[in-house]
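Visitor: Here is the input, now give the coordinates:
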Amino acid sequence: MLSATDSKPKGNFVIVTLKMPNGEEHTIPLPPKTFKTGRLGYYSQIPSFIYDNEVYGGQIQIWKKGKEEPEKTES
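Guide: Numbers count the residues shown, from 1 in each chain. Below you'll find the model as predicted:
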C-alpha cells in the first residue's frame, strides 16, 4: 500500500501481462516510480515486439489515485 510519506511505492515491481487478440502473451515488469506530479506508482517502457507482422512498443504507467477534495465555495 502506498502512503503519502513514502518516496517510492512498496514492493520491487508489478508484473503486467499483455494478451494479444491471437492469444500471444507478453510479460512486462514495472519497477516503482515517483512521477513528476509526486504521485507514486509503477512505470515501464514496453520493449518492441512483433504482432501480426507489425512492430509495436509503448509504455505502461500505474499510479496511486488520491482522494479528490470537494470544491471550496466562498460565503
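Visitor: All the strands of this protein, residue numbers only.
Guide: Counting by DSSP state E, the chain has these strands, from start to end: 14-19, 25-30, 32-34, 40-51, 54-63.
Visitor: Packing partners of the shortest one?
Guide: Spelled out, that is strand 32-34. With contacts defined as 3 or more C-beta pairs under 8 Å, 6 or more residues apart in numbering; DSSP states H and E, the packing partners of strand 32-34 are strand 40-51. Any C-beta I mention is one placed from the backbone N, CA and C, and that applies to glycine too.
Visitor: how many other residues sit next to residue 12?
Guide: Neighbourhood size, residue 12 [other C-beta atoms under 10 Å]: 8.
Visitor: will you turn the strands of the chain into TSV that also has mean neighbour count and mean pLDDT?
Guide: As requested, the strands of the chain are exported to TSV (neighbours: other C-beta atoms under 10 Å; pLDDT from 0 to 100):
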stretch	mean neighbour count	mean pLDDT
strand 14-19	12	92
strand 25-30	13	91
strand 32-34	17	93
strand 40-51	14	91
strand 54-63	12	93
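Visitor: which ones are touching residue 56?
Guide: With contacts taken as C-beta atoms under 8 Å, 6 or more residues apart in numbering, residue 56 has the following neighbours: 46, 48-50.
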